[in-house]
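A.B. asks: Let me see the structure of the following:
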Amino acid sequence: MIKFLVLVLLLPILFSCEQSLNTLKSKETPEVDSIASWIAQSKQPKFNLAQKKVALEDAYITAQNIASDSIKNNFLAEIAIEAEVIDFDSLFIKVNKASLVLATKRDDFYKIGDSHWNYGNYYTDLEVVDSAYYHYHKAYENFKLVKHDYYAAKMLYNMAFIQGRLKDYTGSEVLIFGAISKFEKEKRPERLYECYNYLGLIYIEIEEFDRAIFYHNKALDYLTKIKDKKNYKEGSLSNIGLTYQKLNNYEKAIENFKKALNIRDLKNQDPIFYARLIDNIAYTKFLRGDTLNIAEDLYKSLKIRDSLNNISGVVICKRHLSEFYAVKKDTILAVKYANEAFELADQLDNNRDKLETLLLLSKVDRQKSNKYLNEYVRISDSLQVEDRKIRNKFTRIRFETDEYIEETEKLSQQNILILLGGFITILFISFAYFLRVQGAKNKELLFEKEQQKNNQEILSLMIKQQTKLEEGRLKERHRISEDLHDGVLGKIFGTRLGLGFLNINGDKETIEKHKYYVDELQIIEKEIRTISHELKNEILSSKDDFSKIIKDLIEKRSNLESFKYQYYCDEAIYWDNINDDIKINLYRILQEALQNIIKYADASYVEIKISLNNNNIELLVKDNGKGFNIKEKRKGIGLKNMQSRVEKIEGTLKIDSLKNEGTTIFVTCPIQTEKNEHKI
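C.D. replies: This next block holds a predicted model:
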């Protein structure tokens with residue numbers, strides 16, 4: 001209620017500010033257009049780096065002359081982002097600092113948070129993790145003040161990522177769960193995928209592998225709600241594979257690596273990730289005890305990574321080759337590859353790879369084992385001390401910032417109380433006026449509500465009446481069909497039979513007329529039978545050709561599920577001569593098959609073929625969906641209905657399916673045209 005009252009009081013002020021902003025903007029249109037043009041130029045691929053830097057410099061110089069602080073700060077923030085993107089560090093520091101000063105001067109907490117976010121990204125790129133963490137935390141607290149939960153959650157994720165890198169897994173876990181609660185409120189499946197995927201990585205590091213698999217699978221659940229999946233699924237499957245590798249469940253590990261490998265053409269689309277999966281599969285087979293083709297696959301991965309200058313990947317390949325040759329008792333190659341891996345890790349200053357390579361060297365190079373172990377202990381101890389210092393710094397940052405935020409919130413509350421006290425009289429007058437106007441509006445709304453209720457009742461009665469009319473129409477169709485078929489048709493048939501048995505004597509013309517009228521009665525019987533069947537069956541009452549009816553059904557189902565299809569119907573089939581029971585049951589069987597494809601198969605392509613073969617009609621429905629194991633899968637009601645319909649038309653049903661290889665349904669039945677002619 002207090003927030004509502006404050007908003008009511010501030011509306012005239014906000015409106016006035018908006019008007020002045022528009023006025024300033026109209027005065028500065030040439031400058032604004034120029035700045036926007038320079039910023040756009042810095043984003044164009046056709047301009048080289050030097051031209052982009054000049055454009056951003058010009059934009060910054062011109063932006064300083066804008067009178068409106070709000071417009072100026074918007075441009076400064078955008079210039080800072082683009083400067084950071086193209087690694088124009090000197091300009092980024094200058095512009096982002098100006099933006100932060102201006103935002104602080106205006107108590108624009110959103111822009112303050114935005115500036116600290118820019119600093120966080122900048123220091124993350126430089127791998128100055130304590131400074132990055134500080135600015136992400138400052139951004140988080142300012143986004144909290146303006147209640148921007150989405151950005152606040154992103155800052156929590158960034159801080160969690162940094163703490164995870166420094167092996168503060170407990171602190172990282174707490175921050176990730178905080179981010180998850182906010183992303184869930186904002187309904188952001190892509191961010192929730194990232195959070196749960198990172199949780200899975202945390203639990204791999206602390207060797208809680210079952211929980212790691214649980215969270216990776218939960219991440220995959222959220223992935224189904226994302227349109228642009230990028231390479232997320234392959235990454236998650238690879239992480240799950242690595243977890244099973246840690247559990248010594250090598251079969252499951254290889255299964256998940258291969259799933260990731262087969263999702264798309266990674267060899268051409270993402271060769272670095274392709275090389276990683278090749279290495280993972282080969283190394284897992286090696287751990288399982290296999291030696292066949294292991295070296296070839298490891299060299300294949302090494303060649304790809306080396307050609308793409310993926311140095312960290314090259315380090316891993318050489319470590320794995322060293323382990324392989326150590327098992328093969330080829331100490332020279334084992335030591336060679338381990339030393340090369342260590343030198344590259346040292347060049348990258350990658351402490352994790354350095355430590356793992358030192359351990360490997362202590363095992364493969366027995367002569368220098370103590371030297372490598374001592375170096376391992378030295379680096380490990382120094383890293384632990386450094387990580388502890390940074391974690392303590394993180395704690396201090398959070399504590400100091402929380403105190404600042406608490407004081408800011410107290411000042412904000414005091415300002416609100418002062419503002420309320422100054423305008424309390426106006427509020428009472430406004431409230432009294434509001435009550436009077438609201439009373440009149442309430443009466444009007446009540447009348448409208450009654451009118452709407454009456455209209456709804458009338459509409460409901462019309463719908464019920466229409467439903468009853470439709471039911472009556474269908475019942476009448478059935479009644480007429482039955483009367484024609486059982487009554488009129490039976491009488492005509494009896495009359496025709498009676499006339500046929502009469503021994504007519506007379507001249508030739510009289511006998512021919514008699515025969516003509518008997519034949520006419522038989523034709524009338526057929527017409528009445530056709531009308532009766534059409535009245536009773538809505539599928540066959542359509543004036544369209546049966547093949548077109550089938551095509552319309554397929555097209556509607558494909559639009560529903562967005563799968564592609566190919567439909568073929570043999571032109572040699574003359575549907576007017578085919579038994580109606582066959583057409584109806586074939587239609588229903590196809591309808592059931594398409595329904596199963598939509599519900600279960602997740603298919604992208606379906607082939608439907610109707611052909612004539614030796615006086616038999618054959619229906620083929622084939623999809624490229626998930627498939628199922630026929631022996632294990634219990635037959636559902638859909639398959640039972642298909643079997644029942646096939647039996648009604650004296651046909652046969654065959655279903656072939658394998659997991660991940662699609663399903664094929666094949667129906668064949670005799671044409672039975674003669675039965676249709678004599679059926680009454």
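A.B. asks: Help me confirm that Asn310 comes into contact with Asp279.
C.D. replies: No. Counting by CB atoms under 8 Å, Asp279 is not a contact partner of Asn310; they are 10.8 Å apart. In this view, the C-beta of every residue, glycine as well, is placed from N, C-alpha and C.
A.B. asks: Neighbour count for these two, which is higher?
C.D. replies: Asp279 (23 against 20; other CB atoms under 10 Å).
A.B. asks: contacting residues around the more buried one?
C.D. replies: Asp297, Leu298, Ser301, Leu302, Gly313, Ile316, Cys317, His320 (CB atoms under 8 Å, 6 or more residues apart in numbering).
A.B. asks: how close does it get to Leu261?
C.D. replies: Distance of Asp279 to Leu261, computed by CB to CB, to the nearest Å: 11 Å.
A.B. asks: Ile511 too?
C.D. replies: In terms of CB to CB, Ile511 sits 85 Å off from Leu261.
A.B. asks: Which of the two has more residues huddled nearby?
C.D. replies: The residue with more neighbours, out of Ile511 and Leu261, is Leu261; 20 against 12, by other CB under 10 Å.
A.B. asks: Can you check the pLDDT for the more buried one?
C.D. replies: At Leu261, the model reports a pLDDT of 93.
A.B. asks: and it, what does it touch?
C.D. replies: Glu234, Tyr274, Leu277, Ile278, Ile281.
A.B. asks: Span of stretch 280-299 from start to end?
C.D. replies: Chord length of stretch 280-299, first to last residue, is 12 Å (CA to CA, to the nearest Å).
A.B. asks: Could you tell me how far it lies from the centre of the chain?
C.D. replies: Relative to its chain's centre, stretch 280-299 lies at 34 Å (CA atoms, centre = their mean, to the nearest Å).
A.B. asks: for stretch 568-582, what is the average pLDDT?
C.D. replies: Here stretch 568-582 scores 86 as its mean pLDDT.
A.B. asks: Straight-line length of it, end to end?
C.D. replies: End-to-end distance of stretch 568-582 (CA to CA): 18 Å.
A.B. asks: Likewise for stretch 218-230?
C.D. replies: End residues of stretch 218-230 are separated by 17 Å (CA to CA).
A.B. asks: Average pLDDT for that stretch, rounded please.
C.D. replies: 91.
A.B. asks: got the contact list for that stretch?
C.D. replies: Outside stretch 218-230, the residues that reach it (CB under 8 Å, 6+ apart) are Pro189, Glu190, Leu192, Tyr193, Glu194, Cys195, Tyr196, Asn197, Gly200, Tyr232, Lys233, Ser236.
A.B. asks: Neighbour-wise, give me the winner out of those.
C.D. replies: Counting by other CB under 10 Å, top hit in the contacts of stretch 218-230: Cys195 with 28 neighbours.
A.B. asks: The residue nearest to the spatial centre of the chain: what secondary structure?
C.D. replies: Most central residue of the chain, judged by C-alpha distance to the mean C-alpha position with CA atoms, centre = their mean, is Ile226 at 1.8 Å. Ile226 carries the three-state label coil when classified by DSSP: H, G, I helix; E, B strand; the rest coil.
A.B. asks: Quick check: it vs Ile598, distance?
C.D. replies: Applying CB to CB to Ile226 and Ile598 gives a distance of 21 Å.
A.B. asks: just Ala212 next, same as before
C.D. replies: 35 Å.
A.B. asks: out of the two, which sits in the busier spot?
C.D. replies: Taking neighbours as other CB under 10 Å, Ala212 and Ile598 compare with Ala212 leading, 25 against 17.
A.B. asks: can I assume that one sits in a helix?
C.D. replies: Yes. Counting by three-state DSSP, Ala212 is found in a helix.
A.B. asks: ok, it to His320 distance?
C.D. replies: For Ala212 relative to His320 (CB to CB), the value is 22 Å.
A.B. asks: Dump the contacts of Asp279 to CSV, plus distance to Asp130 and secondary structure.
C.D. replies: Formatted as CSV, the contacts of Asp279 follow (distance: CB to CB, whole Å; DSSP: H, G, I helix; E, B strand; the rest coil):
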residue, distance to Asp130, secondary structure
Asp297, 41, helix
Leu298, 38, helix
Ser301, 35, helix
Leu302, 36, helix
Gly313, 28, helix
Ile316, 28, helix
Cys317, 33, helix
His320, 34, helix
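A.B. asks: now these in CSV, with distance to Lys144?
C.D. replies: As requested, the contacts of Asp279 are exported to CSV (distance: CB to CB, whole Å):
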residue, distance to Lys144
Asp297, 50
Leu298, 49
Ser301, 45
Leu302, 48
Gly313, 39
Ile316, 40
Cys317, 45
His320, 46
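A.B. asks: out of the residues you listed, who's nearest Glu205?
C.D. replies: Ile316 (16.6 Å; CB to CB).
A.B. asks: show me what contacts the closest one?
C.D. replies: Asp279, Ala341, Asp353.
A.B. asks: Go through these and flag which are in strands.
C.D. replies: Applying DSSP state E to the contacts of Ile316, no entry is found in strands.
A.B. asks: Lowest-confidence one in those?
C.D. replies: For these, the pLDDT minimum is Asp353, 83.
A.B. asks: Not counting its neighbours along the chain, what's nearest that residue?
C.D. replies: Once flanking residues are discounted, Asp353 sits nearest to Ala345: 3.8 Å by CB to CB, 6 or more residues apart in numbering.
A.B. asks: try Glu205
C.D. replies: Per CB to CB, 6+ apart, closest to Glu205 is Tyr169, 6.0 Å.
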